[in-house]
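Asker: Structure for this input, please:
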Amino acid sequence: MAQDKVANVRLEFAKSLTDLKPYLDAKTSINTELIERISTLKQDKNNEVVEATETADFDLLKSRKKILQTLQEKEDQCLLRMKKLDEREALEAEEKRKRIEEDD
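Answerer: Now for the predicted structure:
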């Protein structure tokens, strides 16, 4: 579709990139080919196709940045929970040790 002779087909393909890309991210070979097609469409002779491709690419970058930020926040929350759990386990081990010493 990215190399179709009809500009309107290439335009519609460029507009659909934001919907297609998330489904193809896991498939490396297809994802690589799609990135190549995006590069091709950015150099298209039809200005509408170029503009639609650049808009779609920008939207994809924004969504990826948002996803990465969300993942970082989740990872930070997980690390904080693990730290609190480690502190709690250490405190419980200390209390257990004290009880054992008191019983002796």
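Asker: Could you check the pLDDT of Asp4?
Answerer: Per-residue pLDDT puts Asp4 at 70.
Asker: That one contacts Phe13, doesn't it?
Answerer: Yes. Using C-beta atoms under 8 Å, Asp4 is in contact with Phe13, at 7.5 Å. In this view, the C-beta of every residue, glycine as well, is placed from N, C-alpha and C.
Asker: Of those two, give the one with the bigger neighbour count.
Answerer: Neighbour totals were compared for Asp4 and Phe13, and Phe13 leads with 21 against 12 (other C-beta atoms under 10 Å).
Asker: what about that one, helix or strand, and which?
Answerer: Take DSSP states H and E as the rule and Phe13 turns out to sit in helix 7-24.
Asker: ok, and for that helix, which residues are buried?
Answerer: Within helix 7-24, the residues that count as buried by 16 or more other C-beta atoms under 10 Å are 10-11, 13-14, 17-18, 21, 24.
Asker: Name the nearest of those residues relative to Lys74.
Answerer: Lys21 (21.8 Å; C-beta to C-beta).
Asker: The closest residue to that closest one other than its chain neighbours and Ser16, how far apart?
Answerer: The shortest distance from Lys21 to any non-neighbouring residue, by C-beta to C-beta, 6 or more residues apart in numbering, is to Leu60 (5.4 Å). With distances taken as C-beta to C-beta, to the nearest Å, Leu60 is found 12 Å from Ser16.
Asker: How about Asp4?
Answerer: Taking C-beta to C-beta, one finds Asp4 at 13 Å from Ser16.
Asker: Helices of the chain, residue ranges please.
Answerer: Counting by DSSP state H, the chain has helices at residues 7-24, 28-42, 47-103.
Asker: Now mean pLDDT too, for the ones you listed, in CSV please.
Answerer: Putting these into CSV (pLDDT from 0 to 100) gives the following:
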stretch, mean pLDDT
helix 7-24, 79
helix 28-42, 81
helix 47-103, 90
